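Novice: Here is my input; please provide its structure:
(one chain, ligands or ions: 1)
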Amino acid sequence: MTETEDAFKKMDRMYRLQRHFYDLSRRYYLLGRDELLDQMAVRPGERVLEAGCGTARNIIKLARRHRDASFYGLDASSAMLATARAKIDPAGLTNVEVTTALADTFTHEGTFGLDQPFDRIFFSFSISMIPPWRESLENAIANLRAGGRLYIVDFFDLGGLPRTCGRALWWWLNRFGVSRWDELIPFLKSLEARENVASVEVRPLFRGYSFIAEIALADPQINGHPPAPVLS
Ligand SMILES: C[S@@+](CC[C@H](N)C(=O)[O-])C[C@H]1O[C@@H](n2cnc3c(N)ncnc32)[C@H](O)[C@@H]1O
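Specialist: The predicted model follows:
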């Protein structure tokens, strides 16, 4: 079995049963998702992708708020997406599309048939479940337009909890496929040094339980000199 097939199968195994009570159970501990949705100032006509959208809880909320924008979701688990579609179709949301794909290999063109890159891409409690997290973030950046935004909400260091509670929680999260990537926050901060990145903000929430990161890509029209006009 290739690594790719393995990632699809692993997530389907993990969520085959959980998907039926996923939304109800996760509302109590995936904290920070609504704060991120509020922070994203989606504009009319924009294309927004959630990588690891699961049951589409987040993109459905956004699609209801912004009827004039288009929302896309990808997930490694077809089982999760079956639950997502069972929610999207009856809601009559025509501005949402979901598909099975991996965060580190999707492309806006090949996966979604779009001739333009995304305006915004976000990862909500998915980056902690993706071993090739670095490749997935690089791939997201490659599929964003200049001036586009990348967001992440996920577990932080759980530093506000008593040490033993924090350790117990990591152990329990690990049983659900969640890992703590020690290099993630330094990597996000290091993006600020890149020429194509305008700013990086990392904001811990709920006393370090979770965090929201927002990476704004540079727009040469705003952050730098626009290309000189070609003179004939
Ligand atoms: C904890 S759930 C979060 C779902 C949703 N984002 C939310 O906030 O409710 C993580 C999701 O990431 C998906 N996932 C894990 N690895 C992935 C990968 N490599 N590419 C795409 N999706 C992946 C899982 O199948 C799962 O649906």
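Novice: Could you grab the helix/strand/coil label for the residue nearest in space to the middle of the chain?
Specialist: Ranked by distance to the mean C-alpha position of the chain (CA atoms, centre = their mean), the top residue is residue 123 at 1.4 Å. Three-state call for residue 123 (DSSP: H, G, I helix; E, B strand; the rest coil): strand.
Novice: contacting residues for it?
Specialist: Neighbouring residues of residue 123 by CB atoms under 8 Å, 6 or more residues apart in numbering: 50, 51, 52, 103, 136, 137, 140, 151, 152, 153, 154. In short, each C-beta sits where N, CA and C put it, glycine included.
Novice: what's the helix or strand hosting the first one in contact with?
Specialist: The one in question is residue 50. Element membership for residue 50 (DSSP states H and E) is strand 47-51. For strand 47-51, contacts defined as CB under 8 Å, 6+ apart pick out 40, 42, 56, 58-59, 62, 69-74, 103, 106, 108, 112, 114, 116, 118-124, 126, 136, 140, 143.
Novice: Break down the protein into its helices, ranges please.
Specialist: If DSSP state H is used as the criterion, the helices of the chain fall at 3-15, 22-26, 33-39, 57-65, 78-88, 108-112, 133-142, 163-174, 184-190, 220-223.
Novice: For the first one, buried residues please.
Specialist: For helix 3-15, a neighbour-count test (16 or more other CB atoms under 10 Å) marks 7, 8, 11, 12, 14, 15 as buried.
Novice: quick one: contacts for the fifth one?
Specialist: Spelled out, it's residue 14. Counted by CB under 8 Å, 6+ apart, residue 14 has contacts 77, 176, 177.
Novice: Can you narrow the residues you listed down to the ones near the ligand?
Specialist: Contacts with the ligand within these, as defined by CB under 6 Å from any ligand atom: residue 77.
Novice: okay, residue 167: pLDDT?
Specialist: Looking at residue 167, its pLDDT is 87.
Novice: just residue 221 next, same as before
Specialist: Residue 221 is assigned 82 on the pLDDT scale.
Novice: Next one: the nearest residue to it once chain neighbours are set aside from residue 199, what distance?
Specialist: Distances taken as CB to CB, 6 or more residues apart in numbering place residue 147 nearest to residue 221, at 7.4 Å, with adjacent residues excluded. In this view, residue 147 and residue 199 are 12 Å apart by CB to CB, to the nearest Å.
Novice: More neighbours: which of the two?
Specialist: Counted by other CB atoms under 10 Å, residue 147 and residue 199 do not tie: residue 147 has more neighbours, with 16 against 13.
Novice: any idea how far the ligand is from the more buried one?
Specialist: As for residue 147, its distance to the ligand is 24 Å (criterion: CB to the nearest ligand atom, to the nearest Å).
Novice: That residue contacts residue 218, correct?
Specialist: Yes - in this structure, residue 147 is within contact of residue 218 by CB atoms under 8 Å, at 7.1 Å.
Novice: Quickly list what's touching both of these two.
Specialist: Common contacts of residue 147 and residue 218 (CB under 8 Å, 6+ apart): residue 198.
Novice: Give me the residue ranges of the chain where confidence is low.
Specialist: Along the chain, the model assigns pLDDT under 70 to residues 1, 3, 5, 21, 24-25, 28, 223-232.
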